[in-house]
Each structure stands twice: as C-alpha cells, then as structure tokens.
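1. pasting the structure only:
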C-alpha cells in the first residue's frame, strides 16, 4: 500500500497560519480581489463577467484538458523558440496537481530520480513514495545556493529516468541561469537513461525581480525546444491568484500529456469552468503585464525591507533572493528553528516556516516576503524582539 509521509510545510501552515496576526509564511504574492481581476481583463477587451459565455452557460465539466482560450494564453507565456502551442498544454488544479500528475506518470518502481534540495517537499517525496531511488542535488549556503553542475554530474547515472529542478528555487529564492539550464540538459542527455525527462517546476516564474544587471533573466526550461522537458506552472505565486486553483503542464511530448490526462480521470477529471474563464482573463496580454508589474514592484519593495532588517539584526544573515516570493534566513547559532517558530507564533503572532523541519536546514526559517508590506514590517519587528528574548 502506498503511504504518504507527513507534508511538513503544509502541516505547519495548517497549524499556525490561522493563528497568526503576521503571516510571513505565505508564499504567494499578495492576492488580488476578483473585482480587480475583472477590471484588469477589460484592458484586453473582455466583456463584463455577466455578459460572458461562462455566465450564461451550463455548469458542466467543460473542457477536460482546459479551454482552448486558456491553453493558448498559457502557451503564449513561453518563447516562440519553444514551439509550444495550446496542444502542448494540460490545465490542472494548481502546480501541485501538475507536479503530482507528472511525477506519478513518469516514475516506476526501481527508477532512479535526481531532485534538487532544498525544494518543495512534494518534489522530493513523491518519487520515493512511488518506488524510485532518489538522490539529492544539494544546494549549499556557503556556495550561495548556486546550482553547481559538477555535483549533478556525480549523481546522474544510466538508471536516472527523472531529474527534478525548480526555478526560482523554493525556499531559497535562488536562480538557475540560462547557461546552467542548458548544462543540466546536456548532462541528462549524455549520462542519464535515454528516455530520461527533466521536470522543471516554474511556479514562481516569471517573478524575476532581483537579477543583477550584469546577469540575464533566466529562460524557461521550455524555451530551448528540448523534447525531454516538461514544465509546471500556475497562477498562484507570481500572479497573486491562488484562489483560482489553476496550474498547468507544458511539454512538447503530447503522448505524455495524454498519459497524465488518463491518470487524472481517476480523481479530479477537470478544472472548474469558472476558474478556467477567470484564468484566461488573467493571462490576457495587458492583464498579465499589469499583474506582473504590480507583483514585481511589490517584491522589490518588500525585499528591500527584508534586506535592511537582516543587515540591522545581530546574528541574522541570508543569501539574497533573486526571484520568487521566498527566502531562507539564518537566525543565528544555537537557534532551534522549530521551537523558535512555534513560540514566535504563540506569543507574538508571527508565522514563519522552520526550515530544519520543512527543508532540512536547521537554524533557518523560510520567509514569504511578497505579501502586505506593513504586515511584513510589523512582523519583522516582532521577530527581532523575540530573538532578543530567546537568546
């Protein structure tokens, strides 16, 4: 019988986020309101919602793999060089469903998978749960959380059938540069099983808010036109629309999309038609640009606040995040992060995620910093005070 281990970060969030006055564990950009989304969609010539086809249509299952309109707009998120069209897209219930379908559809008992670490626990545990031998491509703070491909070279073998990365990285906010993405592909083609696939979770892309001026904004893993790649994404993190529960799988491998669709027949079947319509509006060219401008500005503003707080708080340090909504912050020597975080929430109403428990990095906490700016400021003040009393 398949048994799933406790999903530590989700259990933590469920336990503490409703108790928190200052929720700095949230990983989505500050959510927008439905009214705001509808108003943004007018920029692309969309009608009022009550005049749309979905408003007067019957509430049936709709398009099982996602409406043509939504799939086309998702396809347009990728470079023309990727050769991705709406036929290369499967719409899912968030990126968590996209990752689930991809992993269980690709992994068989006895396979070997390589997974970047730290990363979202789902990416690490699902291959093991379904019978794979898993090796971790470990990122290190002393190496600035950089993706050193010489380490990947050491763990990819002819038995490797799946390599899983995410870009930007959750929880560190680090980036995989475009040239490194190409190197990853070259290593997999050269050293892994001939049928090996690369799964790149890009749920926090394209929120590249802090790439240095002398560096290129990372490409999507799809943009190179590789056949052995699939990418997952969603509207939750970078687009501030977690309530829509819309994500996707994108790949040139249409045969794999059919496989994943067959697996989904056993549980969810399809995305809500209402969510589908709203998601398509969000990805209209002008609405999408407005959402990303809003969220990028918010990320830069709040990241600067977090950076200043770290500089001014004794014993605290980080590797500055380059993208996404999260960062790992080291609280100081001797801090037991799980005990500290539980006490912090119970006594001061601040929720952050203990990275020892949830990501295998003791002494660190994961901070979600692209939420409400004042809440971030106030929460950081409380963390500083708690550190003084804790030490």
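-> The structure has been received and is ready for your questions. What you see is a predicted model; the values in this text were computed from it and never measured.
2. Which stretches in this protein count as helices?
-> Taking DSSP state H as the test, the helices found in the chain are 8-16, 34-41, 53-56, 68-75, 94-106, 121-129, 149-155, 178-191, 254-264, 273-282, 285-312, 337-348, 355-359, 373-390.
3. Give me the domain ranges for this structure.
-> By the assignment in automatic domain parsing, the chain contains the domains 8-33+288-384, 35-285.
4. What's the end-to-end length of the first one?
-> Pointing back at domain 8-33+288-384 there. 25 Å (C-alpha to C-alpha, to the nearest Å).
5. Under the pLDDT cut-off, which ranges of this structure? List them.
-> 391 (pLDDT under 70).
6. Mean neighbour count and distance to residue 328 added to the helices of the chain, as TSV?
-> In short, each C-beta sits where N, CA and C put it, glycine included. Output for the helices of the chain, formatted as TSV (neighbours: other C-beta atoms under 10 Å; distance: least, C-beta to C-beta, whole Å):
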stretch	mean neighbour count	distance to residue 328
helix 8-16	17	13
helix 34-41	17	31
helix 53-56	12	41
helix 68-75	20	30
helix 94-106	23	20
helix 121-129	20	15
helix 149-155	15	19
helix 178-191	17	20
helix 254-264	15	32
helix 273-282	22	29
helix 285-312	17	11
helix 337-348	19	10
helix 355-359	23	6
helix 373-390	17	14
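7. Distance to residue 162 added to these, as JSON lines?
-> Formatted as JSON lines, these follow (distance: least, C-beta to C-beta, whole Å):
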{"stretch": "helix 8-16", "distance to residue 162": "22"}
{"stretch": "helix 34-41", "distance to residue 162": "35"}
{"stretch": "helix 53-56", "distance to residue 162": "37"}
{"stretch": "helix 68-75", "distance to residue 162": "23"}
{"stretch": "helix 94-106", "distance to residue 162": "5"}
{"stretch": "helix 121-129", "distance to residue 162": "7"}
{"stretch": "helix 149-155", "distance to residue 162": "13"}
{"stretch": "helix 178-191", "distance to residue 162": "9"}
{"stretch": "helix 254-264", "distance to residue 162": "12"}
{"stretch": "helix 273-282", "distance to residue 162": "28"}
{"stretch": "helix 285-312", "distance to residue 162": "30"}
{"stretch": "helix 337-348", "distance to residue 162": "30"}
{"stretch": "helix 355-359", "distance to residue 162": "21"}
{"stretch": "helix 373-390", "distance to residue 162": "37"}
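8. Those helices: which one's closest to residue 141?
-> Closest of the helices of the chain to residue 141 is helix 355-359, at 10.7 Å (criterion: C-beta to C-beta).
9. Could you list every helix and strand in contact with that closest one?
-> helix 8-16, helix 337-348, strand 364-368 (3 or more C-beta pairs under 8 Å, 6 or more residues apart in numbering; DSSP states H and E).
10. Can you add distance to residue 123 and give these back as JSON lines?
-> Listed next are the helices and strands packed on helix 355-359 as JSON lines, based on distance: least, C-beta to C-beta, whole Å:
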{"stretch": "helix 8-16", "distance to residue 123": "12"}
{"stretch": "helix 337-348", "distance to residue 123": "21"}
{"stretch": "strand 364-368", "distance to residue 123": "15"}
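11. Verify the contact between residue 126 and residue 101 for me.
-> No: using C-beta atoms under 8 Å, residue 126 makes no contact with residue 101, being 10.3 Å away.
12. Which of the helices and strands packed on helix 355-359 sits closest to residue 330?
-> Once the helices and strands packed on helix 355-359 are compared by C-beta to C-beta, strand 364-368 is nearest, at 5.2 Å.
13. now that closest one, how far from the chain's geometric center?
-> Averaging C-alpha positions (C-alpha atoms, centre = their mean, to the nearest Å) puts strand 364-368 15 Å from its chain's average.
14. With stretch 126-133 instead?
-> With C-alpha atoms, centre = their mean, you get 21 Å for stretch 126-133.
15. what does stretch 8-20 give?
-> 18 Å.
16. Stretch 380-391 now?
-> For stretch 380-391 - counting by C-alpha atoms, centre = their mean - the centre lies 29 Å from the chain centre.
17. what sits up against it?
-> Outside stretch 380-391, the residues that touch it by C-beta atoms under 8 Å, 6 or more residues apart in numbering are 22, 24, 305-306, 309, 313, 315-316, 331-332, 334-335, 340, 343-344, 347-350, 352.
18. Tell me who's in contact with residue 343.
-> So, once contact is read as C-beta under 8 Å, 6+ apart, residue 343 ends up touching 386, 390.
19. Could you pull up the contacting residues of the closest residue to residue 66 other than its chain neighbours?
-> Spatially, and ignoring its direct neighbours in sequence, residue 66 is nearest to residue 91 (2.7 Å; C-beta to C-beta, 6 or more residues apart in numbering). With contact set as C-beta under 8 Å, 6+ apart, residue 91 has these partners: 63, 65-67, 70-71, 74, 246-248, 271, 276, 279.
20. Good, wrapping up.
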